[in-house]
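> how would this look folded up:
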Amino acid sequence: MRNLRSPKLMWLKGILFLMIGSVSAALLWLEAPEWRRALLLALTIWGFCRAYYFAFYVLEKYVDPGFRFAGLISLIGHLLKHGRKPGNS
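Sure, this is the predicted structure:
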């Protein structure tokens, strides 16, 4: 599969991801519209966003700047191959 290089298609992809997330969150909340559920859903989304940032920015920029991760499977393979443990650099 080729890398996506078109800025317009990248924007479209980002907007589609945002739409998928927004519609899914709205449908989940509408199923049982309680403030507690909305808060838990928001915290879940925020937590996964922070984990994504950690996996693809913090690890790449600060833990191992020489490796470019292509996805979660690439990251896991790299960690298994190099035996990295938290706190080791």
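> Using the three-state scheme, assign the residue nearest the centre of the chain.
For the chain, Tyr52 is the residue whose C-alpha lies nearest the centre (Cα atoms, centre = their mean; 3.4 Å). Following DSSP: H, G, I helix; E, B strand; the rest coil, Tyr52 is assigned to helix.
> Could you tell me which residues within the lengthiest helix in the chain count as buried?
In the chain, taking DSSP state H as the definition, the longest helix is helix 7-31. By neighbour count on 16 or more other Cβ atoms under 10 Å, the buried set for helix 7-31 is empty. The way it works is simple: take the backbone N, C-alpha and C, and place the C-beta from them, glycine included.
> what's the answer for stretch 45-58, then?
Buried residues in stretch 45-58 (16+ other Cβ under 10 Å): Phe56.
> Over to stretch 68-83?
Buried, per 16+ other Cβ under 10 Å, within stretch 68-83: 69, 75, 78.
> Out of these, which one has the lowest pLDDT?
pLDDT across the buried residues of stretch 68-83 is lowest for Phe69, at 73.
> With Glu31 as the reference, measure out to the residue nearest to the centre of the chain.
Distance, Tyr52 to Glu31, using Cβ to Cβ, to the nearest Å: 25 Å.
> on that earlier part again, can you redo the buried residues of stretch 68-83 as CSV with distance to Ala42 and secondary structure?
Below are the buried residues of stretch 68-83 laid out as CSV (distance: Cβ to Cβ, whole Å; DSSP: H, G, I helix; E, B strand; the rest coil):
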residue, distance to Ala42, secondary structure
Phe69, 27, coil
Leu75, 26, helix
His78, 31, helix
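> Now Phe67: phi and psi?
phi -120, psi 130 (degrees, to the nearest 10).
> Also Ala38?
phi -60, psi -40.
> What residue, apart from its backbone neighbours, is nearest it spatially?
Using Cβ to Cβ, 6 or more residues apart in numbering and skipping residues adjacent in sequence, the residue nearest Ala38 is Trp29, 5.4 Å away.
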